[in-house]
Structures are given as C-alpha cells and as structure tokens.
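Novice: sequence and predicted structure, then a few things I'm wondering about:
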Amino acid sequence: MIIILCAPSGSGKSTMVKHLLETYPGQYELSISATTRAPRGQEQHGKEYYFISREEFEQHIHNNDFIEYEQVYEGLYYGTLKSEIERIQSAGRTIVFDIDVKGGINLKKIFGNDALSIFVAPPSIEELSRRLYGRGDTSEEMIQKRLAKAEIEMADAPHFDHIVVNDDLAKAKAELDRLVNVG
Ligand code: ADP
Ligand code: 5GP
C-alpha cells in the first residue's frame, strides 16, 4: 500500500506526515521530492527535499527520471524521482507521498488500488491564512500565492479516497491512524 497525502500548503500535511513516521517507526518512509525552491528555515538537502538547480531539474525531466512533476508555483518545480520510489520499496517500507493536489491525483491514477489517497483540508481559508502567517517562514508574496492556489485545490477534494479536516489536530491524527490501519 502507498499513502498519498495532499493538501493546500499550510493545512498541516507535514505535521501529519511527521505523526505517521513517529507513530509507526520503520513502517513508513516519506518520498523526498526534488524541488527548485530554496530551503526554508531548518530544511536540509536530502531530508525535506532534494534541493536542486533548475538546470539539474530540467536534466532529470529530459532523462525521464520523474514519475510525476509539476510547476507547482510559477517558476518553481517539484517532482518525484523514480529512484526515490525504488529506494523506499527496496527497503521494504510503505511510501508516503506529500505532494500537491494535481500530483496526488496523477499518482492515484498510476497506482490505483495500491494507493490510499487522503486530502487534508483546513477548516477554512481564514484559518489556513492564520497558519501560514503563524508558521513565520514564508514571505507575504508566497503566502498570497498559496492562498489563491488553496481555493482552487479545495475543489479537487472529492477526487480523493478520503478527506481529513485538520481542525483539532489530535482528532485529525486519530482519523489518519484509522484510515492507514483499515486501508
Ligand atoms: P503544510 O505541510 O500543509 O504546509 P504544516 O504541517 O507546516 O502544513 O502546518 C502549517 C502550520 O499550521 C504549522 O505551523 C503547524 O504547526 C500548524 N498546524 C498544523 N495543524 C494545526 C491544527 N490542527 N491547528 C492549529 N495549527 C496547526
Ligand atoms: P512547499 O514549498 O510548501 O514545501 O510545497 C509546496 C507544494 O508542493 C505542496 O503542496 C507540496 O505538497 C507540493 N509538492 C512537494 N513535492 C512535490 C512533488 O514531488 N510533486 C508535486 N506535484 N508536488 C509536490
């Protein structure tokens, strides 16, 4: 089974992924995407992302190294390398994807019933805005881009196997546990 977690940026997806990895040590592993955006805060190459140049990213596109990739924001590429999937599967672990909504829908098409796709929704756009500002690591311009994109992404929620509303964090984590355990 493969877990696909998608959500508008700031909904709490990273918090959810962290919860899965910490609650079930050795069972899940996060698929580390490649991106052309700069590291934020404490982010490290090879941990949250593979931070690569635009030239390197384009070379990977050219070599057909990605299972999927998107220009998630204008000028910023994000993609999942096929080698990343092989790395995690050969370690015998369940892959967790933390990717944007379009990418998630694409992966669900590729993996079909082998994948459980979950949409993590914020309680409201206003709360999403509060969380993005509260996190304190994203510029005003990027927050505005994310909020605009979030409104569009919310409309795609029905394409997912399940929707988890991340209002009360403890409840959202419990709901995620239930879903990954029952499939
Ligand atoms: P994403 O990975 O979707 O961009 P994060 O997991 O970084 O989102 O969460 C965005 C911010 O909101 C973080 O500061 C996080 O601590 C906070 N947050 C996450 N879930 C909740 C929640 N249920 N209630 C309040 N704040 C939350
Ligand atoms: P952030 O810059 O906040 O880390 O991520 C921005 C968005 O890009 C998030 O919605 C995140 O899930 C998405 N994303 C991260 N990696 C990938 C990927 O490999 N492919 C796609 N399509 N989206 C990704």
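Specialist: That came through, no problem. Ligands and ions are numbered 1, 2, ... in the order given.

Novice: so Y28 bridges to which residues?
Specialist: T94 (DSSP bridges).

Novice: separation between it and I118?
Specialist: Separation of Y28 from I118 (C-beta to C-beta, to the nearest Å): 13 Å. Heads up, the C-betas are built off the backbone N, CA and C, glycines and all.

Novice: so what's whatever residue of the chain ends up closest to ligand 2 scoring on pLDDT?
Specialist: As assessed by C-beta to the nearest ligand atom, ligand 2 sits closest to G103 within the chain, at 2.4 Å. The confidence metric pLDDT takes the value 93 at G103.

Novice: could you do V182 as well?
Specialist: 82.

Novice: try L21
Specialist: The predicted local confidence for L21 is 93.

Novice: what strand or helix carries it?
Specialist: helix 13-23 (DSSP states H and E).

Novice: give me the contacts around that helix.
Specialist: Contacting residues not belonging to helix 13-23 are listed as 3, 5-7, 28-30, 96, 98, 120, 164, 166, 169, 172-173, 176-177, 180 [C-beta atoms under 8 Å, 6 or more residues apart in numbering].

Novice: same thing with stretch 41-50?
Specialist: 32-35, 37, 39, 51, 81, 137.

Novice: so which residues on the chain come close to ligand 2?
Specialist: Listed as neighbours of ligand 2 in the chain under the rule C-beta under 6 Å from any ligand atom: 9, 33, 37, 68, 70, 72, 78-80, 98-100, 103.

Novice: no more questions from me, cheers.
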